[in-house]
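K.L.:
One predicted model, sequence on top.
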Amino acid sequence: MNRRDAMEPEKSRADVFPVKGVDHLRFLVGNARQAAHYYSTAFGMKCVAYRGPEQGFRDHAEYVLVSGGARFVLTGMVHAGAPGAEHVTKHGDGISDIAIEVPDVDAAYLHATESGATGVTEPHDLKDEHGTVRLASIATYGDTVHTLIDRSGYDGPFLPGFVAREPIVSVRPKRFFQAVDHVVGNVELGKMDEWVEFYARVMGFTNMAEFIGDDIATDYSALMSKVVADGTRKVKFPLNEPAVSARKSQIDEYLEFYGGPGAQHVALATNDILNTVDAMRGAGVEFLDTPDSYYDDPELRARIGNVRAPIEELKRRKILVDRDEDGYLLQIFTKPVQDRPTVFFELIERHGSLGFGKGNFKALFEAIEREQELRGNL
Ligand SMILES: [Fe+2]
């Protein structure tokens, strides 16, 4: 199957599981108040809503932060034994829920569970003076869930019970990123195809692109990766599994330290990666290093051709470039953003390319391995 065929949306898919996009990502964290501060200052996000004991919700403090269409919910436990505490104990700070907005929660939940997905929460309404939201949730890899949500009958700041709140820090004049581009899952050895098949069966998602074997093998590390997406390409989920290699791969490291499968990285779409990287670095975010040789490689220079910024500007910031038949993309990856070497972020600026930076995988993984070596995990 050539790439064009693989990219062709499946016409029938829309009928079985239409989606509107990623609604929000829920992070279960050890300290939501401080996490909200970090994503405000370092990621330029705006805190817009809150729910906690003050609103009568005794278990959690939850902060909702947005940047354009990207929405993070940071949930912390306010007493011992609150629901979610075991998630944080096991996984550290991590993404517990990749919530998907759908036009019809009941139909989506019914289709998913009849197709073999495990139901976690049955369809139900949440109401307040701003209207009604309908929700349900299903299980995916590891302890991660997909909440299915229809907020078309609701005009409050997030969900019923949440109250609007002032930003935590003064809001930046220009946002750093506009949307969640994709969310990557790491699954166990040999399980990638099972999860690709899960998303095909349960959500009608199709395989967008494929990376296998040598494409992404370094001397030490290897992984396999496939990307599933809905027919409109609004929701894109790459799935990685470790491949057998000489030493511990970055996926093995993640699985060991996360305590099982989970969301590995979130790619944030920006239209100004140069200024965003400068601002985030200035706020203390650490990015993976790329050797200067990457930018001086004549083969790479020939392959990427002309991009919107001088290569010296990209080199200065360690921004990677990849090109395919549709266009090019600029991307860069943060180091893990918590103590465990688990969840990290990507910034991506697309210029036509619908890919994920396949041409950069080797350079990227070698950079990750340098970090693994420093941690004693290679
Ligand atoms: Fe990515």
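P.N.:
Perfect, thanks for sending it.
K.L.:
Would you map the strands across the stretch 201-350 of the chain?
P.N.:
Secondary structure of the stretch 201-350 of the chain, counting by DSSP state E, counting those that start in this stretch: strands at 206-211, 223-229, 236-242, 262-269, 320-324, 327-333, 344-351.
K.L.:
could the ones you listed go into TSV alongside mean pLDDT and distance to D23?
P.N.:
The way it works is simple: take the backbone N, C-alpha and C, and place the C-beta from them, glycine included. Listed next are the strands of the stretch 201-350 of the chain as TSV, based on pLDDT from 0 to 100; distance: least, CB to CB, whole Å:
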stretch	mean pLDDT	distance to D23
strand 206-211	74	21
strand 223-229	89	16
strand 236-242	94	14
strand 262-269	98	14
strand 320-324	91	29
strand 327-333	95	24
strand 344-351	98	19
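K.L.:
Rebuild these as JSON lines, extending it with distance to the ion and mean neighbour count.
P.N.:
Output for the strands of the stretch 201-350 of the chain, formatted as JSON lines (distance: least, CB to the ion, whole Å; neighbours: other CB atoms under 10 Å):
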{"stretch": "strand 206-211", "distance to the ion": "11", "mean neighbour count": "18"}
{"stretch": "strand 223-229", "distance to the ion": "9", "mean neighbour count": "23"}
{"stretch": "strand 236-242", "distance to the ion": "6", "mean neighbour count": "24"}
{"stretch": "strand 262-269", "distance to the ion": "4", "mean neighbour count": "24"}
{"stretch": "strand 320-324", "distance to the ion": "11", "mean neighbour count": "22"}
{"stretch": "strand 327-333", "distance to the ion": "7", "mean neighbour count": "22"}
{"stretch": "strand 344-351", "distance to the ion": "5", "mean neighbour count": "21"}
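K.L.:
With distance to S40 added, can I get the ones you listed in TSV?
P.N.:
Formatted as TSV, the strands of the stretch 201-350 of the chain follow (distance: least, CB to CB, whole Å):
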stretch	distance to S40
strand 206-211	33
strand 223-229	30
strand 236-242	26
strand 262-269	15
strand 320-324	27
strand 327-333	21
strand 344-351	15
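K.L.:
how about those, which one is nearest T75?
P.N.:
When the strands of the stretch 201-350 of the chain are ranked by distance to T75, counting by CB to CB, first place goes to strand 262-269 at 14.6 Å.
K.L.:
for stretch 149-157, the distance to its chain's centre please.
P.N.:
How far stretch 149-157 lies from its chain's middle: 23 Å, per CA atoms, centre = their mean, to the nearest Å.
K.L.:
Please identify the buried residues of that stretch?
P.N.:
The neighbour-count check on stretch 149-157 (16 or more other CB atoms under 10 Å) flags I149, D150, R151, Y154, G156, P157 as buried.
K.L.:
Let me know the average pLDDT across that stretch.
P.N.:
On average, the pLDDT along stretch 149-157 is 98.
K.L.:
ok, and what's touching it?
P.N.:
Applying CB atoms under 8 Å, 6 or more residues apart in numbering, the contact partners of stretch 149-157 are 23, 48-49, 64, 99-105, 128-135, 159-160, 162-165.
K.L.:
Please pick the buried ones from those residues.
P.N.:
The neighbour count (16+ other CB under 10 Å) marks 23, 48-49, 64, 99-102, 104-105, 130, 133-135, 159-160, 162 as buried among the contacts of stretch 149-157.
K.L.:
Could you give the backbone dihedrals for F356?
P.N.:
The phi/psi pair for F356 (degrees, to the nearest 10) reads phi -130, psi 10.
K.L.:
any idea of the pLDDT on it?
P.N.:
Looking at F356, the pLDDT reads 90.
K.L.:
right, and it touches K226 too?
P.N.:
No: with contact defined as CB atoms under 8 Å, F356 does not count as touching K226 (10.6 Å).
K.L.:
What's the local residue count around K20?
P.N.:
If you count neighbours by other CB atoms under 10 Å, K20 ends up with 17.
K.L.:
angle of the helix or strand containing L374 against strand 320-324?
P.N.:
L374 is part of helix 361-375 when elements are defined by DSSP states H and E. Using axes from the mean of the first three to the mean of the last three CA atoms, to 10 degrees, the direction of helix 361-375 lies 150 degrees away from that of strand 320-324.
K.L.:
helices or strands up against helix 361-375?
P.N.:
helix 250-258 (3 or more CB pairs under 8 Å, 6 or more residues apart in numbering; DSSP states H and E).
K.L.:
Whether the helix it packs on contacts the ion - can you check?
P.N.:
No: interface with the ion: helix 250-258 contributes nothing (CB under 5 Å from the ion), its closest point being 12.9 Å away.
K.L.:
can you give me the helices for the protein?
P.N.:
Along the chain, the segments classed as helices by DSSP state H run 3-7, 13-16, 32-41, 85-91, 105-114, 192-203, 250-258, 273-282, 292-296, 298-304, 311-317, 361-375.
K.L.:
Quick check: which of those is buried the most?
P.N.:
helix 250-258 (a mean of 22; mean count of other CB atoms under 10 Å).
K.L.:
ok, D59 - contacts?
P.N.:
So D59 contacts M77, V78, H79, A82, P83, G84 (CB under 8 Å, 6+ apart).
K.L.:
quick one: R33 from the ion, how far?
P.N.:
According to CB to the ion, to the nearest Å, R33 stands 29 Å off from the ion.
K.L.:
Compute the distance between that residue and S96, please.
P.N.:
18 Å (CB to CB, to the nearest Å).
K.L.:
Equivalent analysis for E349, please.
P.N.:
E349 is 28 Å from S96, by CB to CB.
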